[in-house]
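>>> next one to model:
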Amino acid sequence: MDLTKKKLGVLLSTGLEHPNLETAVGLTQTALDRGADVYVYLIDEGVRALDDPRIRALPERGAKLFVCAYGCQKRGIPLRDSDRLTYCGLVVLTDLINGTDRFIALN
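Next up is the predicted model:
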């Protein structure tokens, strides 16, 4: 199925040990393969997924990666690689929810 010009939003709020990480990576990669614009938002324990190489590679494939700055601060995760991702807050999350054709929250 061609998803060109469709927008998919994926929120990940669970940590590295949770199966939601595999689901998020799989959905995101499949959507990118089919031509969708993909927006990934990491929040709460999901900010720890920045350590996963599959998540870190998503911007290279064309996904837009957003990370909750407050979630990083609370967990002592330094803000880095801001040229590949965007640190932001809940206003951006609201914009993603409202601006995508489909939004999936993996909690």
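>>> okay, CA-based contacts and neighbour counts for the rest of this
OK.
>>> can you give me the helices in this structure?
20-33, 53-56, 69-74, 90-99 (DSSP state H).
>>> list the contacts of the first one.
Defining contact as CA atoms under 8 Å, 6 or more residues apart in numbering, one finds that helix 20-33 is touched by 3, 8, 10, 12, 14-15, 37-38, 49, 54-55, 58, 61-63, 106-107.
>>> give me that answer again for 10 Å
If you take CA atoms under 10 Å, 6 or more residues apart in numbering as the criterion, helix 20-33 is touched by 1-4, 6-16, 34, 36-40, 46, 49, 52, 54-55, 58, 61-63, 104-107.
>>> residues contacting Phe74?
Check again: residue 74 is Lys, not Phe. Asp44, Glu45.
>>> what about it, distance to Asp33?
34 Å (CA to CA, to the nearest Å).
>>> bridging residues for the spatially most central residue of the chain?
Closest to where the C-alpha atoms of the chain average out (CA atoms, centre = their mean) is Val40, at 2.1 Å. In this entry, Val40 is beta-bridged to Val10, Leu65, by DSSP bridges.
>>> and it, how close does it get to Thr28?
8 Å.
>>> now do the shared contacts for those two.
By CA under 10 Å, 6+ apart, the residues touching both Val40 and Thr28 are Leu8, Gly9, Val10, Ile55, Leu58, Ala63.
>>> the fourth one: neighbour count?
For Ile55, the neighbour count with other CA atoms under 10 Å is 20.
>>> so who does it touch?
Leu21, Ala24, Val25, Thr28, Gln29, Val40, Leu42, Ala49, Ala63, Leu65.
>>> go with 8 Å
Val25, Ala49.
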